[in-house]
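Enquirer: Model the following, please.
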Amino acid sequence: MAEPPAPVVVRDIDGHPITPDTVLAAYRHRCFPMAESRGGPIAWYRPQTRAIITWDRFTVPRSLAKVLRNRAPYRLTIDRCFPDVIAACAERDSTWISRDVEALYVELHRQGHAHSVEAWLPSGELAGGLYGLAIGACFCGESMFHRAPDASKACVVRLAEHLRERGFAMIDCQQQTPHMQRFGAYEVADRAYARLLAACARDLPWT
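Expert: Residues are numbered from 1 along each chain as shown. You can find the predicted model right below:
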């Protein structure tokens, strides 16, 4: 009989232990973990402004909608290969996804809290993906990557469809970027985000 996996315990920059439960509690208090390098320690952040997507503002960029409508170049899946997605997101010259962060989120996925969306080429190769955490009715997007044009953008569209079908209220993009702004992401102050997050307290089924 196989032994259960050992619990994931890492330490933050101040030496305090972090478990998957620590991460979930931090998100409910509007904090999230980041490192400064692949091998660096984890620090906690709570920005004064957040970029979020709510369904009244969500939009699919016209050029992307045309690509998806006319060619549908990718097969899109959910939770097919979470460890591969987060590993690919970390494959950058500069990354905040340290090995400790990766280990924590893989365990959060195993527990059913962290999720991924994948885009596949017809050849079966992974073309892009994204991952994040479901915190009640809020999906906290963490990172995305692409190896082919529009692959990560197609994953955003699939994610939004999945969330809306299941009653989720918003996507927390954390920081505003031109990429997410094209999907309708907008910034709110921390106090407004706290109210929105409180309204998302009820857990929803993912599947």
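
Enquirer: Can you show me the helices along this protein?
Expert: For the chain, the helices identified by DSSP state H occupy 20-28, 62-70, 82-89, 99-110, 151-165, 178-181, 190-198, in order along the chain.

Enquirer: I'd like the ones you listed written out as a markdown table, with mean neighbour count and distance to W120 added.
Expert: Just so you know, the C-beta spots here come from the backbone N, C-alpha and C atoms, and that holds for glycine as well. Below are the helices of the chain laid out as a markdown table (neighbours: other CB atoms under 10 Å; distance: least, CB to CB, whole Å):
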| stretch | mean neighbour count | distance to W120 |
| --- | --- | --- |
| helix 20-28 | 17 | 28 |
| helix 62-70 | 12 | 14 |
| helix 82-89 | 20 | 11 |
| helix 99-110 | 20 | 18 |
| helix 151-165 | 20 | 9 |
| helix 178-181 | 14 | 21 |
| helix 190-198 | 14 | 33 |
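
Enquirer: P47: which of these is closest?
Expert: Of all the helices of the chain, the one in closest proximity to P47, counting by CB to CB, is helix 190-198 (7.2 Å).

Enquirer: quick one, the closest one and helix 20-28 angle?
Expert: 120 degrees (axes from the mean of the first three to the mean of the last three CA atoms, to 10 degrees).

Enquirer: so how far is helix 190-198 off the chain centroid?
Expert: Helix 190-198 has its C-alpha centroid displaced from the chain centroid by 19 Å (CA atoms, centre = their mean, to the nearest Å).
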